[in-house]
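Engineer: sequence and computational prediction follow.
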Amino acid sequence: MNASTSEPESEILTTMYNYDQDAPAPCKNNVKQFASQFLPPLYSLVLIFGLVGNALVVLILIKYKRLKSMTDIYLLNLAISDLLFILSLPFWAYYAAREWDFGDAMCKILSGAYYAGFYSGIFFIILLTIDRYLAIVHAVFALKARRRTYGILTSVVIWGVAILASLPGSMFHTVQKETSYWTCSPHYPLGQERKWKQILILKMNILGLVIPMVIMIFCYIEIIKILLRCRNERKHKAVRLIFILMIVYFIFWAPYNVIVLMYAFQESFSMNNCESSSQMELGIQVTEAIAMFHCCMNPVIYAFAGENFRKYLYNFFQKDIANYLCKHCPALHGNKLKQVTSAYTPSAADRDISTGL
């Protein structure tokens, strides 16, 4: 790929911030080439697996769980936030391979969807953690507080907060023609580029890493105290799924948040030379690629850590898909399927502290 075709591809290395446009060309060449070759196939993989996995989660929560609890509501919204993030990827994949052909309005909308998916995802994981905390540590209060109606209301509030948090990044994204190609990238007020970049990166780290970590550490310390005093296998299972969701989120997103923070404040770390900037930009791409796969991981976690999810999934493929494809196969019908289906129904006591999946 020649230099002229690779120029716009550097603008969509990430939608969370923009790179230093004044950096010398030799410092950016490797980054451009890496982006043009690496991002389109990566986005395609995330799109396929994330779309299928999260669509199945939404289907199971609505069709089988019927959104009976606060936990179900939060898990549904977590899947929707992943889907929101995922559905913007085809546009970014096209952009990484070519140029921005979708206009200024779509540039702002899709950038906003990216940010909203990021913030809402971690916010709903926080709500799920607080939900576990109330169910285990404050069980009596939880009987009144953990209602489906409250789950819907808090979800609406969280979406409002996520949209507000995503507005600055969305507003700064504009379409501009650079050399002979159209780009969709952040453009901050003249003379305040570094200041705005640092403010938005700090906001992303505070809302997406620091505050969630403090809340989760507090909640799980209190939960562990209760579980050590009361060895209840059902309560252990109720905590396990949400705990794994939390740990996986930090594994996938923390490296990206940290290296972006270092890049925004590279002068403070004495790393504002050409070589260090180039290495950090490549590091950002790698860690962002890892972070993007997070939206594919939640369905996998449900499949391995959520026993009910596996049963519902088996029921869906056997009863709905297989029967639809092969209506005259007697092996797919009969009392066995009914027995399996009835075995999934949790008791009222189990539902009180269930994980939802």
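Structural biologist: Perfect, thanks for sending it. The structure displayed is predicted, hence computed values, not measured ones. Residues are numbered from 1 along each chain as shown.
Engineer: C-alpha only now, for contacts and for neighbours.
Structural biologist: OK.
Engineer: quick one: low-confidence ranges for the chain?
Structural biologist: In the predicted model, the chain carries pLDDT under 70 at residues 1-33, 35, 231-236, 238, 269-273, 307, 322-357.
Engineer: and the strands in it, which stretches?
Structural biologist: With DSSP state E as the criterion, the chain has strands at 173-178, 181-186.
Engineer: so which of the ones you listed is the most surrounded?
Structural biologist: strand 181-186 (a mean of 24; mean count of other C-alpha atoms under 10 Å).
Engineer: what ranges does the stretch 201-350 of the chain have for its helices?
Structural biologist: Remark: helices assigned in the stretch 201-350 of the chain by DSSP state H, counting those that start in this stretch are 211-229, 233-264, 274-292, 294-305, 307-315, 323-325, 335-343, 348-352.
Engineer: quick check: closest non-adjacent residue to M280.
Structural biologist: Nearest non-adjacent residue to M280, counting by C-alpha to C-alpha, 6 or more residues apart in numbering: Y263, 6.6 Å away.
Engineer: hang on, isn't that neighbour packed against Q279?
Structural biologist: No: using C-alpha atoms under 8 Å, Y263 is not in contact with Q279, being 10.0 Å away.
Engineer: neighbour count: the two, which is higher?
Structural biologist: Per other C-alpha atoms under 10 Å, whichever of Y263 and Q279 has more neighbours is Y263, with 24 against 16.
Engineer: how near is the more buried one to R194?
Structural biologist: 11 Å (C-alpha to C-alpha, to the nearest Å).
Engineer: kindly report the same for S88.
Structural biologist: For S88, the distance to R194 equals 27 Å [C-alpha to C-alpha].
Engineer: do the same with E275
Structural biologist: Going from E275 to R194 by C-alpha to C-alpha gives 19 Å.
Engineer: tell me which of the helices of the stretch 201-350 of the chain lies nearest to R148.
Structural biologist: Ranking the helices of the stretch 201-350 of the chain by distance to R148, with C-alpha to C-alpha as the measure, places helix 348-352 first at 11.6 Å.
Engineer: quick one: contacts for F141?
Structural biologist: Shown in contact with F141 (C-alpha atoms under 8 Å, 6 or more residues apart in numbering): L134.
Engineer: again, but for the one 5 residues further on
Structural biologist: With contacts defined as C-alpha under 8 Å, 6+ apart, R146 is in contact with S69, M70, D131, L134, A135.
Engineer: and which of those is nearest to L47?
Structural biologist: For the contacts of R146, the nearest to L47 is M70 (28.1 Å; C-alpha to C-alpha).
Engineer: cross-check the contact I'm expecting between the closest one and A145.
Structural biologist: No: counting by C-alpha under 8 Å, M70 stays clear of A145, with 9.3 Å between them.
Engineer: who has more neighbours, these two?
Structural biologist: For M70 and A145, the more surrounded residue by other C-alpha under 10 Å is M70, and the numbers stand at 25 against 17.
Engineer: ok, back up a step: distance to M292 for the strands of the chain - can I get that in a markdown table?
Structural biologist: Shown next, in a markdown table, are the strands of the chain (distance: least, C-alpha to C-alpha, whole Å):
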| stretch | distance to M292 |
| --- | --- |
| strand 173-178 | 20 |
| strand 181-186 | 19 |
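Engineer: tell me which of those strands lies nearest to M213.
Structural biologist: Among the strands of the chain, strand 181-186 comes nearest to M213, with 28.1 Å by C-alpha to C-alpha.
Engineer: what separates that closest one from the chain centre, distance-wise?
Structural biologist: 24 Å (C-alpha atoms, centre = their mean, to the nearest Å).
Engineer: just want the angle from that strand to strand 173-178.
Structural biologist: On the basis of axes from the mean of the first three to the mean of the last three C-alpha atoms, to 10 degrees, strand 181-186 is oriented at 150 degrees to strand 173-178.
Engineer: parallel or antiparallel, list what pairs with strand 181-186.
Structural biologist: strand 173-178 (antiparallel) (DSSP bridges).
Engineer: export the strand it pairs with to CSV, keeping only CA atoms.
Structural biologist: Provided in CSV are the C-alpha atoms of strand 173-178 (Å, rounded to 0.1, in the frame of the first residue of the first chain):
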residue,chain,number,x,y,z
HIS,A,173,-15.8,14.0,15.9
THR,A,174,-16.2,15.7,12.5
VAL,A,175,-15.6,14.9,8.9
GLN,A,176,-12.7,16.7,7.2
LYS,A,177,-10.8,16.2,4.0
GLU,A,178,-7.1,15.5,4.7
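Engineer: give me the contacts around that strand.
Structural biologist: Identification of contacts with strand 173-178 by C-alpha under 8 Å, 6+ apart yields 8, 100, 103-104, 107-108, 111, 182-187.
Engineer: identify, from these, the entry nearest to F309.
Structural biologist: S111 (32.4 Å).
Engineer: run a quick neighbour tally on L167.
Structural biologist: Neighbours of L167 under the rule other C-alpha under 10 Å: 17.
Engineer: so it makes contact with Y114?
Structural biologist: No: between L167 and Y114 there is no contact under C-alpha under 8 Å: 10.9 Å.
Engineer: now A303: closest residue in space, sequence neighbours ignored.
Structural biologist: In space, and not counting its chain neighbours, A303 is closest to R310: 5.5 Å by C-alpha to C-alpha, 6+ apart.
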